[in-house]
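Undergrad: here's a sequence, model it:
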Amino acid sequence: MAPHELLLIPGPSPVVPRVLDALAKPTVSHVGPDMVHDLEEACENLKKIVFSEGGQPFIVAGAGTLSMEMAVVNTAGPSDRVLVLSQGYFGDRMAQVCRAFGYDHDVLSSEWGRAVTPSELQARLEAGSYDIVACTHVDTSTGACAPVEDYGRVLAKTGALFVVDGVCATGGIAERMDAWGIDVVLTAAQKCLGAPPGLALLVLSETAMEKRRRLPAIPAYYADLLRWLPVMRDPSKYFSTPCVNEMRAFAEATRIVLEEGLEARFRRHALHAAALRAGLGALGFRLFTDPGFLASTLSVVRYPEGVDDRAFRARLAENGVVVAGGLASTAGQVFRVGHMGNLAPADVRFAVEAVERTLAGLGRPVEPGAAGKAVDGVLGA
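TA: Next comes the predicted model:
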């Protein structure tokens, strides 16, 4: 990728120089004092980011898909029933993980662009009991944000473990693990947290950890959290060689998150989302996602009539901004733009101006400067 390109796909998000500098440090011993310090701090910071006092964090080399697999196989027993709340591609992936390991599971799906409502969840639970309920907080295929706090209220009456896929939310949208009754937050390093890809992240409640201890065996070796637990509690111990440089860079990324302040970070994500959407609206774009379910970490944007997906994204990249195409049934109809991590207001304005130049280059009529004015109206510039 050319140095001038602004990466605004739904993850990875741009990595700031401070984190890149940490990534570029010399590789040190995976059980030495430098690594021990950074991994200990990263674990404590991760707990703070998901608002967990007594949760057990895990930071393991792998992708968000590994986080999802680890969450399932470490909490689901052979006789358990799992309910997956799916609002898109990655909710369906959770169901695929259950299917791959032979867990008894049902899927409660919403229309793409929306999320399952608390009343729909309540009705399903009244029709049958489940041991685990899993949801995606923000599905990157649809841009829909699930009402996780409300789900927690419903599930508090059931005793079911509550598993939340926070890959496109953690660090950008509040996930108050203790207050909302969440038992597992699974996530990854490369989106709202602003680190390079390569780490699977989880935080488990004590209830979820007790469930794992009660399971006599699970269908995993590397993904068995009990094998990683001694390392997370004392990083000088060894189970499997971690990706040292990535973990040290992630520690730096978590410092940046906490230095900004979580509430301020959540407000910034919401402000940038509103500003970018205002700019795109001024250019004639509409959102794919239902207004009641919009996430502040990414937008899924419908094309105006006559705009070709491939031509648009290719020309936009030439103008310095990289976005992603649609997934599954939305392919060719939408583009997906991430506005998460450590973006600055100038990045949002640059992106909208690049879209304006792209439309003009494709022969579409645009009012010069209108999109930038709309952005500035939200940002207060």
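Undergrad: poorly predicted segments of the stretch 51-200 of the chain, please.
TA: In the predicted model of the stretch 51-200 of the chain, no residue satisfies pLDDT under 70.
Undergrad: helices of that one, start to end?
TA: 64-73, 89-100, 118-127, 148-155, 177-180 (DSSP state H, counting those that start in this stretch).
Undergrad: helix 148-155 and the third one, what's the angle between them?
TA: Okay, so that is helix 118-127. Interaxial angle, helix 118-127 versus helix 148-155 (axes from the mean of the first three to the mean of the last three CA atoms, to 10 degrees): 30 degrees.
Undergrad: helix 118-127: which residues count as buried?
TA: By 16 or more other CB atoms under 10 Å, the buried positions in helix 118-127 come out as Pro118, Leu121, Gln122, Arg124, Leu125. C-beta here means a position set from N, CA and C on the backbone, and glycine is covered the same way.
Undergrad: and which of those residues is nearest Cys145?
TA: Of all the buried residues of helix 118-127, Cys145 sits closest to Pro118, with 13.6 Å by CB to CB.
Undergrad: pick out whichever of the buried residues of helix 118-127 sits closest to Ser109.
TA: Comparing these against Ser109 with CB to CB places Arg124 closest, at 11.0 Å.
Undergrad: need the buried residues of helix 118-127 in a markdown table (columns: distance to Arg336).
TA: As requested, the buried residues of helix 118-127 are exported to a markdown table (distance: CB to CB, whole Å):
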| residue | distance to Arg336 |
| --- | --- |
| Pro118 | 26 |
| Leu121 | 26 |
| Gln122 | 31 |
| Arg124 | 29 |
| Leu125 | 32 |
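Undergrad: circling back: so which of the helices of the stretch 51-200 of the chain is the most packed in?
TA: Comparing those by mean neighbour count (mean count of other CB atoms under 10 Å), helix 64-73 comes out on top with a mean of 24.
Undergrad: quick check: closest non-adjacent residue to the residue most central in space within the chain.
TA: In the chain, the centroid-proximal residue (CA atoms, centre = their mean) is Cys168; its distance is 1.6 Å. The shortest distance from Cys168 to any non-neighbouring residue, by CB to CB, 6 or more residues apart in numbering, is to Val138 (4.1 Å).
Undergrad: and the one you found, how many neighbours?
TA: For Val138, the tally of surrounding residues (other CB atoms under 10 Å) stands at 32.
Undergrad: surely it touches Val164?
TA: No: Val138 is beyond contact range of Val164, at 10.3 Å (criterion: CB atoms under 8 Å).
Undergrad: who does the residue nearest to Cys168 bridge with?
TA: Beta-bridge pairing for Val138 (DSSP bridges): Cys145.
Undergrad: strands of the stretch 1-150 of the chain, start to end?
TA: With DSSP state E, counting those that start in this stretch, the ranges of strands along the stretch 1-150 of the chain come out as 6-7, 56-61, 81-86, 104-109, 132-136, 138-139, 144-145.
Undergrad: re the thing from before, quick one: contacts for the residue nearest to Cys168?
TA: By CB atoms under 8 Å, 6 or more residues apart in numbering, the contact set of Val138 is Ala144, Cys145, Ala146, Gly166, Val167, Cys168, Ala169, Ile173, Ala295, Thr297, Leu298.
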